[in-house]
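# generate a structure from the sequence data that follows.
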Amino acid sequence: MSVSGEVDFTTVPRLRSALAAALASGSRSVVVDFGAVGFCDCSGARALLWARQRAEEGGASLRVTGVVAPVVARLFEVLELEQLLGPRQSC
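As a prediction, this is how the structure comes out:
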């Protein structure tokens, strides 16, 4: 699934719904493309971690790719999300 724009407390409900739907589809692997995300706050990080936990509980995996915006990459670095959600891709 692809995510674009800003991921913050106002958009997280839509992200969580989309993540829940992707996990409910029965897929064994969910890949979240963050290539078009220009901003992500802690609520977005929390939603991704929630989805990762749900995926693992269901025997699936969740990985985030395409983290290229500097502010998003910094959030992933500070919170050590790269180790939990997958390596960041550089452009």
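# mind checking how far residue 10 is from residue 3?
Computed as CB to CB, to the nearest Å, the residue 10 to residue 3 distance reads 14 Å. No exception for glycine: its C-beta is placed from N, CA and C like everyone else's.
# can you tell me how far residue 69 is from residue 24?
As defined by CB to CB, residue 69 lies at a distance of 28 Å from residue 24.
# these two: which is more packed in?
In terms of neighbours (other CB atoms under 10 Å), residue 69 is the more surrounded of residue 69 and residue 24; the figures are 18 against 10.
# can you map out the helices along this protein?
Applying DSSP state H to the chain gives helices spanning 12-24, 42-57, 70-78, 81-85.
# quick one, what contacts the most centrally placed residue in the chain?
Note on the chain: the residue nearest the mean C-alpha position is residue 48, at 4.3 Å, using CA atoms, centre = their mean. Counting by CB atoms under 8 Å, 6 or more residues apart in numbering, residue 48 makes contact with 19, 32, 62, 64, 81, 85.
# for this structure, what's the longest strand?
Taking DSSP state E as the assignment, the strand of the chain that covers the most residues is strand 29-40.
# which residues touch the residue nearest to residue 18 when sequence neighbours are not counted?
Computed as CB to CB, 6 or more residues apart in numbering, the closest residue to residue 18 that is not its neighbour in sequence is residue 1, at 6.1 Å. Contact criterion CB under 8 Å, 6+ apart gives 18, 19, 22, 30, 31, 32, 33 as the residues in contact with residue 1.
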